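**Student:** Structure of the sequence below:
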Amino acid sequence: MIDRMNLWLARLCAIVAGTALVIMMLVAFVDSVGRKLNHPLHGAEEYVTFTLLTFFFAAIPLVVQSNGHIRVGLFTDAYAPALKQAEKYFTAVVELLCLAGLTWMIFDQADRLARFGTLSVHFLMPVAPWVYAAAILTLTALVFMAFNVWNIFHGRDPQPSHDRPE
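**Tutor:** Okay, here's the model as predicted:
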C-alpha cells in the first residue's frame, strides 16, 4: 500500500516537473520570438520564475526517492567495514535532518509571505501559494527520505537509480 502511494507521488512529481519544464521552454521560446518582432511576452520573467520554482521543487522528491543525490566519500575505501556501516547510518540521519530543516524553513517563509501579503511584481498575485506548494513538494521529498533511512536501518540499502538493473 505504501509502495503504491510512493509510486503515485513520484509519478505526480514527475508530471508536475515535466509540465513545468515544458511551459518554461515555451515561455522562453515565445518571448524570444516576440522580442525579435518587438512584442515580448509580458510577464515572461515571472512565468519563468514560477515554473522554475515548480520544476525545481517537484524534482527534489524524484532525486531523493531514487537515492540519486550526490554524496562525497573521500576516504570511504580506507574505512573498516564497521566504520563504513556507521558512516552510512550517520549520513542517512544527517540527510534526513537537513531536509527536515529545509522543509520547516520553506513552510516558515511561506507563512511569512502570506502574513505580509507579498505579491509578485508583474501580475500582482500572491507569492505565498507558490512557496506553500514548494514546501509541500519538499515535504514529499522528506517522506521519501524517511523511507530511505528506514530501509537503510533495516538492511535494505536503497540503490541509486543509475545502479539499478533494468
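**Student:** Only C-alpha atoms from now on, for both contacts and neighbour counts.
**Tutor:** Noted.
**Student:** For the one residue sitting closest to the centre of the chain, which non-adjacent residue is spatially closest?
**Tutor:** In the chain, the centroid-proximal residue (C-alpha atoms, centre = their mean) is I60; its distance is 2.0 Å. Computed as C-alpha to C-alpha, 6 or more residues apart in numbering, the closest residue to I60 that is not its neighbour in sequence is A141, at 6.2 Å.
**Student:** For the one you found, what is the enclosing helix or strand?
**Tutor:** Assigned by DSSP states H and E, A141 belongs to helix 128-153.
**Student:** what mean pLDDT does that helix have?
**Tutor:** In this model, helix 128-153 carries a mean pLDDT of 95.
**Student:** again with stretch 60-78
**Tutor:** Across stretch 60-78, pLDDT averages out at 84.
**Student:** Give the buried residues for it.
**Tutor:** Within stretch 60-78, the residues scored as buried using 16 or more other C-alpha atoms under 10 Å are 60-68.
**Student:** which ones among these are found in helices?
**Tutor:** Secondary structure from DSSP state H places 60-65 of those in helices.
**Student:** okay if I get the residues you listed as CSV plus distance to N38?
**Tutor:** Output for these, formatted as CSV (distance: C-alpha to C-alpha, whole Å):
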residue, distance to N38
I60, 37
P61, 40
L62, 39
V63, 40
V64, 43
Q65, 45
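**Student:** Widest-spaced pair of these?
**Tutor:** Pairwise distances across these (C-alpha to C-alpha) peak at 8.5 Å, for the pair I60 and Q65.
**Student:** Please consider this matter closed, and thank you.
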